[in-house]
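Peer 1: next input, structure requested:
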Amino acid sequence: MIRAGRRKYAQTMADLASALGMPLGTFRNKKPHAQEGHPAPISSPNSRALLWDAEQTKAFYAGKPIPQLPAEDCDEDLLDRHEAAAELGVSPASWNKYKHEPKLAEHVVRIPASKAGEEGTEHWPRHIVRAFKAARPGKGQSPTSGRPKGSGDMVPREEILPRIAELLDLDPAVTAAAVVDELKVAMTTAMSGLAQLRGRRIADVLEAEPQLTAEEAAEQLGYPVVARRRALAVAAAEQRARQVRPYLQRVADALAAAGAADPMEVEVQQLPGEYLAVAVPLSVGQPAPALVWDERYGWRTATSRRHPLGKESGTPPEGEGIRYLGSGLQPRPDELLDALGDGRKGSKGPKVRAV
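Peer 2: Predicted coordinates:
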């Protein structure tokens with residue numbers, strides 16, 4: 001969190017890289033912030049956008065004693081989404097719904113302060129979150145509290161996978177029917193959740209023991225044969241995601257360094273059919289709201305910043321505002337930037353398609 005009165009010292013990764021005279025990509029690769037004794041980030045451990053206290057980092061790199069930050073909670077502390085969720089007593093995913101309530105939305109603070117094309121990381125004053133919590137209606141009295149009307153699942157969506165993971169920890173062979181009975185979720189939800197979790201865990205084993213086959217990893221984890229087909233497909237997609245993530249992060253870093261996007265940690269998503277995609281929201285004033293990478297078609301512009309991936313149809317998206325950029329599935333970041341900025345470059349459909 002950003003302690004009361006210390007907002008002016010909040011330092012992003014890009015700020016710290018600049019203070020050290022490093023390009024952002026070099027900073028990510030060298031990780032000077034990981035060296036022993038370096039001041040810890042002031043952002044929550046699960047935050048995707050790391051922040052530091054500039055007074056602390058300046059003292060560290062000058063070889064001076066690092067000043068201590070206030071230890072007592074204060075009403076004027078600024079909380080990120082994870083901290084605000086904890087203060088309210090909900091999950092971060094639930095907070096994403098609550099934050100749009102007017103009593104919270106009107107008090108959001110962005111770090112760094114919003115500039116043209118820069119959104120910043122959302123924070124909320126502690127006293128605002130506490131006041132909202134005190135006035136929060138009971139279940140059934142608010143559209144954002146309790147189980148949504150008409151929902152097929154009794155467990156909130158953001159809690160489903162963690163709850164299924166607990167059941168899987170207790171019994172690797174747990175069935176979808178048992179998950180339905182225990183959590184009161186739809187059968188399709190149970191089947192999908194089990195496949196996702198088993199697939200990720202198979203990928204973890206293969207990463208640690210690359211000499212194994214995927215089937216051997218599933219056997220080691222105790223997964224029944226009948227449950228392996230979907231899990232193995234998820235595991236294969238997860239392995240591909242881990243392989244391509246460094247490239248996608250380099251592109252995101254290059255876009256941020258060029259001022260075309262905010263610094264971000266890329267999040268590889270699995271589309272229906274286990275295809276991989278990544279969305280990178282672009283800054284205000286750029287030729288498109290966002291860029292999307294799809295492992296089948298490469299990079300393209302998107303027409304929506306909020307929903308850049310759109311609906312999966314099995315065919316490459318085309319139409320007004322969509323351009324496919326680059327000469328292959330993984331063009332160099334500088335080639336992508338050049339094509340993004342030149343409206344004459346690119347094509348209406350993908351130039352290449354993965355087999």
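Peer 1: chain center to stretch 25-43, what's the gap?
Peer 2: 20 Å (CA atoms, centre = their mean, to the nearest Å).
Peer 1: residues in contact with that stretch?
Peer 2: Applying CB atoms under 8 Å, 6 or more residues apart in numbering, the contact partners of stretch 25-43 are 1-3, 10, 13, 16-17, 20, 22, 47, 49-53, 56-57, 60, 66, 69, 80, 121, 249-250, 253-254, 257. Backbone N, C-alpha and C define where each C-beta goes, glycine included.
Peer 1: that stretch spans what distance, first to last residue?
Peer 2: For stretch 25-43, the first and last residues are 20 Å from each other (CA to CA, to the nearest Å).
Peer 1: pLDDT on it, on average?
Peer 2: Stretch 25-43 shows a mean pLDDT of 88.
Peer 1: and the chain, what are its domains?
Peer 2: Structural domains annotated on the chain: 1-146, 157-223, 243-341, as defined by automatic domain parsing.
Peer 1: helix or strand: which one has the residue nearest to Val280 when sequence neighbours are not counted?
Peer 2: Distances taken as CB to CB, 6 or more residues apart in numbering place Leu291 nearest to Val280, at 4.7 Å, with adjacent residues excluded. According to DSSP states H and E, Leu291 maps onto strand 290-294.
Peer 1: for that strand, name the packing helices and strands.
Peer 2: helix 228-257, strand 275-281, strand 298-302 (3 or more CB pairs under 8 Å, 6 or more residues apart in numbering; DSSP states H and E).
Peer 1: other residues contacting the shortest one?
Peer 2: Applying CB under 8 Å, 6+ apart, the set of residues contacting strand 298-302 from outside is 251, 279, 287-294, 308-310, 316-317, 321-326, 328-331, 336, 340, 346, 350-352.
Peer 1: what is the neighbour count of the closest residue to Glu207 other than its chain neighbours?
Peer 2: With sequence-adjacent residues excluded and distances taken as CB to CB, 6+ apart, Glu207 is closest to Arg242, at 7.2 Å. Arg242: 14 surrounding residues under other CB atoms under 10 Å.
Peer 1: now Arg242: how far from Ala258?
Peer 2: Applying CB to CB, to the nearest Å, the value for Arg242 to Ala258 is 26 Å.
Peer 1: and for Ala186?
Peer 2: Distance of Ala186 to Ala258, given as CB to CB: 44 Å.
Peer 1: low-scoring stretches of the stretch 1-150 of the chain, by residue?
Peer 2: Within the stretch 1-150 of the chain, the ranges that satisfy pLDDT under 70 run 46, 93, 113-119, 136-150.
Peer 1: which stretches in it count as helices?
Peer 2: Using DSSP state H, counting those that start in this stretch, the helices of the stretch 1-150 of the chain run over 13-19, 24-30, 54-61, 81-88, 92-98, 102-105, 126-135.
Peer 1: out of those helices, flag the one nearest Val234.
Peer 2: Across these, Val234 has its closest neighbour in helix 92-98 (20.3 Å, CB to CB).
Peer 1: and the pLDDT at Glu158?
Peer 2: Note for Glu158: predicted pLDDT of 68.
Peer 1: again with Pro162
Peer 2: Here, the pLDDT recorded for Pro162 equals 84.
Peer 1: that one: how many residues sit nearby?
Peer 2: If you count neighbours by other CB under 10 Å, Pro162 ends up with 12.
Peer 1: the one helix or strand it maps to: which residues count as buried?
Peer 2: Assigned by DSSP H and E, Pro162 belongs to helix 157-170. If you call a residue buried by 16 or more other CB atoms under 10 Å, then helix 157-170 has these buried ones: Glu158, Ile160, Leu161, Arg163, Ile164, Ala165, Leu167, Leu168.
Peer 1: so Ala173 sits against Gly222, correct?
Peer 2: Yes - with contact defined as CB atoms under 8 Å, Ala173 counts as touching Gly222 (6.2 Å).
Peer 1: just list whatever residues bridge to Tyr275.
Peer 2: In this entry, Tyr275 is beta-bridged to Leu271, by DSSP bridges.
Peer 1: can you read off the pLDDT for it?
Peer 2: pLDDT for Tyr275: 86.
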